[in-house]
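Visitor: What follows is a predicted structure for the sequence shown.
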Amino acid sequence: MKKTPVALQLWSVREDTTRDFAAAVAEVAGIGYTGVELAGYGNLDAKGAKDALDAAGLKVAGMHVSYSALRSDLNAVISDALLLGTRHVACSWWPPAHFVSASACEQIGEQLGEVGELLRPFGIRFGFHNHNSEFKIFDKRPALDWILGAAEPRNLFSEVDVYWVHFAGYSPAKFILDQGARIPLVHLKDQKELGVGPVKFDEIFAACDSVGAVEWYIVEQEEYSHAPMKSVRVCFEQMKAWGRA
């Protein structure tokens, strides 16, 4: 089976990229990551980030963008995505206070789907990255089900964050199996470094293998046992130990 490439969500090393984006991504490449997912460009602009990533030999698995930026300056988002050569743009967060009913969640899905419809002619797929609040139950279904159900799959994919699904009390593997080809990007995250927390990665990888639609595994680190760059190195070494990198 062909290995799914492994990227790093650069939010994991945001202090490093803010200080020196080019040096940070060169170090990420040296660890062994194939690509990155962007959450801004650190101390550079999009062109500078593109040059630095090219120099490091890294691909752009995707971009995280706020919904406000998508609504206020979609043309800039499109321009940056095309420049950086990524096919994936994801809304990074939605205010949990808006998840108040099934119909409210459907309205959010409709809004996200509208953005995806605008991006699709440019060859860009649009997705939504979850946290735990999207698993609040309305009418026996999680909020995220209502959000995704209100948009066409071609206009809105799910970038599942497996730690937040677990944190909410759900099975990430079941969610992946249920959503199937709607999940091209998977955020691999544990309580701290990969493999030392409660997330059951064997089940997650089995589900991903079964569906066969994941284009990138994206490691994300938010709590650390070491300096951030060392922590993401530990995560990559764990991916190698699992035979996934």
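Guide: Structure's in. What do you need?

Visitor: Could I get the full set of helices for the chain?
Guide: In the chain, the segments counted as helices under DSSP state H are 14-31, 46-56, 67-72, 74-84, 102-119, 143-149, 162-167, 172-179, 201-211, 228-241.

Visitor: what number of residues lie near K189?
Guide: The burial metric for K189, expressed as a neighbour count using other CB atoms under 10 Å, is 25. C-betas here are computed from N, CA, C, even on glycine.

Visitor: Take the helices of the chain and write them to a markdown table, including mean neighbour count.
Guide: Formatted as a markdown table, the helices of the chain follow (neighbours: other CB atoms under 10 Å):
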| stretch | mean neighbour count |
| --- | --- |
| helix 14-31 | 18 |
| helix 46-56 | 17 |
| helix 67-72 | 14 |
| helix 74-84 | 16 |
| helix 102-119 | 19 |
| helix 143-149 | 23 |
| helix 162-167 | 22 |
| helix 172-179 | 20 |
| helix 201-211 | 17 |
| helix 228-241 | 18 |
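
Visitor: looking at these, which has the lowest confidence?
Guide: Within the helices of the chain, confidence is poorest for helix 67-72, with a mean of 93 (mean pLDDT).

Visitor: what packs against that one?
Guide: helix 74-84, strand 88-91, helix 102-119 (3 or more CB pairs under 8 Å, 6 or more residues apart in numbering; DSSP states H and E).

Visitor: Kindly format the C-alpha coordinates of it as CSV.
Guide: Presented in CSV, the C-alpha positions along helix 67-72 are these (Å, rounded to 0.1, in the frame of the first residue of the first chain):
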residue,chain,number,x,y,z
TYR,A,67,-14.1,32.5,8.1
SER,A,68,-13.9,36.3,8.4
ALA,A,69,-10.9,36.3,6.0
LEU,A,70,-12.8,34.0,3.6
ARG,A,71,-15.8,36.4,3.6
SER,A,72,-13.8,39.7,3.6
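
Visitor: who touches that helix?
Guide: The list of residues contacting helix 67-72 from outside it, by CB atoms under 8 Å, 6 or more residues apart in numbering, reads A76, V77, V89, C91, W93, W94, Q111, L112, V115.

Visitor: same thing but at 6 Å, please
Guide: Among residues not part of helix 67-72, those counted as contacts by CB atoms under 6 Å, 6 or more residues apart in numbering are C91, V115.

Visitor: again, but for stretch 118-133
Guide: The contact list for stretch 118-133, computed with CB under 6 Å, 6+ apart, reads 78, 81, 87-92, 96, 99, 112, 115-116, 144, 157, 159, 161, 164, 167-168.

Visitor: got the helices of the chain as a markdown table, with distance to E220 columns?
Guide: As requested, the helices of the chain are exported to a markdown table (distance: least, CB to CB, whole Å):
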| stretch | distance to E220 |
| --- | --- |
| helix 14-31 | 11 |
| helix 46-56 | 18 |
| helix 67-72 | 19 |
| helix 74-84 | 19 |
| helix 102-119 | 21 |
| helix 143-149 | 18 |
| helix 162-167 | 8 |
| helix 172-179 | 14 |
| helix 201-211 | 14 |
| helix 228-241 | 9 |
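
Visitor: With respect to K192, which of these lies nearest?
Guide: helix 228-241 (7.6 Å; CB to CB).

Visitor: my read: D80 touches D45, true?
Guide: No: D80 is not in contact with D45 according to CB atoms under 6 Å; the separation is 9.0 Å.

Visitor: what's the lengthiest strand in the chain packed up against?
Guide: Using DSSP state E, we find that the single longest strand of the chain is strand 59-65. Under the contact definition 3 or more CB pairs under 6 Å, 6 or more residues apart in numbering; DSSP states H and E, strand 59-65 sits against strand 35-38, helix 74-84, strand 88-91.

Visitor: Could you export that strand as CSV, CA atoms only?
Guide: Taking only C-alpha atoms (Å, rounded to 0.1, in the frame of the first residue of the first chain), the coordinates of strand 59-65 have been written out as CSV:
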residue,chain,number,x,y,z
LYS,A,59,4.6,20.8,-0.5
VAL,A,60,1.6,22.7,0.8
ALA,A,61,-1.0,20.2,2.0
GLY,A,62,-3.5,22.9,2.8
MET,A,63,-4.2,26.3,4.3
HIS,A,64,-6.1,27.2,7.4
VAL,A,65,-8.1,30.4,7.0
